[in-house]
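Peer 1: With the input below, show me the fold.
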Amino acid sequence: MTPVVTHGAVMTDSAIVAMVTNSSTIGIVASALVLAAFGMKDMVNLRIVAICSNVAFIAYALVLNLPPILILHAILLPLNGWRLAHDCRVEE
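Peer 2: Reported below is the predicted structural model:
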């Protein structure tokens with residue numbers, strides 16, 4: 001196997017394939033959570049799924065070094081948390 005230099009570290013081809021596979025899985029899960037959130041009618045459940053989606057997209061952005069995705073979901077995560085807390089207080 002030919003080693004590949006990336007970010008100052010040497011990786012084998014199989015390590016690159018494993019990284020792509022893992023990051024693809026994270027991206028698919030994050031996207032599926034967004035799709036699920038669009039189908040939600042209950043706001044509390046929607047916010048919970050959206051928070052899970054934000055966490056998954058943050059992981060995806062960190063793995064693939066995607067600053068715009070990271071920034072967006074780092075902003076949306078506390079916003080969804082705040083709105084979830086508000087929605088839970090209103091239901092009480």
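Peer 1: who's in contact with Leu77?
Peer 2: Contacts for Leu77 (Cβ atoms under 8 Å, 6 or more residues apart in numbering) come out as 51, 54-55, 58. Quick note: C-beta positions are derived from backbone N, CA and C, even for glycine.
Peer 1: Of these, which is the nearest to Cys88?
Peer 2: Ranked by distance to Cys88 (Cβ to Cβ), the contacts of Leu77 are led by Ile51 at 12.5 Å.
Peer 1: For Met11, give me the pLDDT.
Peer 2: Here the pLDDT value assigned to Met11 is 55.
Peer 1: Ok, Ser23 next?
Peer 2: Per-residue pLDDT puts Ser23 at 81.
Peer 1: Next secondary structure element downstream of the host helix or strand of it?
Peer 2: Secondary structure from DSSP states H and E places Ser23 in helix 13-38. For helix 13-38, the following helix or strand on the C-terminal side (DSSP H and E) is helix 43-64.
Peer 1: Just want the angle from the next helix or strand after that following helix to helix 43-64.
Peer 2: Next in sequence after helix 43-64, counting helices and strands by DSSP H and E, comes helix 67-91. Helix 67-91 and helix 43-64 are oriented at 160 degrees to each other (axes from the mean of the first three to the mean of the last three Cα atoms, to 10 degrees).
Peer 1: Pull out the buried positions in helix 67-91.
Peer 2: For helix 67-91, burial by neighbour count (16 or more other Cβ atoms under 10 Å) applies to 69-70, 73, 76-77, 80, 83-84, 87.
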